[in-house]
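Participant: Got a predicted structure here, sequence first:
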Amino acid sequence: MTKNMNDLREELIRMSGCKPSKCMSCGKCSATCPAYSEMEYHPHQFAGMIQRGEIEPLLESESIYRCLTCFACVDRCPRDVQPAKLIEAVRLVAIREQGKNRLKADQVPGMLDNDIPQQAIVSAFRKYSK
């Protein structure tokens, strides 16, 4: 692992407040994930990859945007690893890179209609842009 990736790994651990080293890769978090079938990397894999410093594939993966942030994985983890928080931290690092925002302010008006609660738009804007 390069020095830069080690720094990034430590930053992700700090940002998330999680300890991926506690993960025993049991897969209970992934088994309960409602977005499992749409994710390239599953919750338990995030913990392992961050622990090993394999950050670059996670930053490029669509999985960070498929996570529903429902925290079902957090509730199911027997070791309190909190994979959703790790995924959020990786997503935050990815969208903070220039040009990686998934939602731009000028797209919001086109999303508004009577069926979508405004809270959902605000939540999506917070989740996909920083």
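Facilitator: Yep, that arrived. Numbering: from 1, shown residues only.
Participant: Can you point out the helix or strand that includes I87?
Facilitator: helix 83-96 (DSSP states H and E).
Participant: I'd like to check what contacts that helix. Which residues are they?
Facilitator: Residues from elsewhere that reach helix 83-96 (Cβ atoms under 8 Å, 6 or more residues apart in numbering): 8, 11-12, 15-18, 20, 23, 29, 43-44, 46-47, 50, 55, 58-59, 63-65, 67, 69-71, 73-74, 77, 100-102, 127-130. In this view, the C-beta of every residue, glycine as well, is placed from N, C-alpha and C.
Participant: Quick check, pLDDT for the residue positioned nearest the centre of the chain.
Facilitator: Nearest residue to the geometric centre of the chain (Cα atoms, centre = their mean): I87, 2.2 Å. For I87, the pLDDT comes out at 95.
Participant: Give the residue farthest from the middle of the protein.
Facilitator: Note on the chain: the largest C-alpha distance from the chain mean falls to N114, namely 29.1 Å (Cα atoms, centre = their mean).
Participant: about what we covered before: make a PyMOL selection of the buried ones in the contacts of helix 83-96.
Facilitator: Restricted to buried positions by 16 or more other Cβ atoms under 10 Å, the PyMOL selection for the contacts of helix 83-96 reads:
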select buried, resi 8+12+16+18+20+23+29+43+44+46+47+50+55+58+63+64+65+67+73+74+77+101+127+128
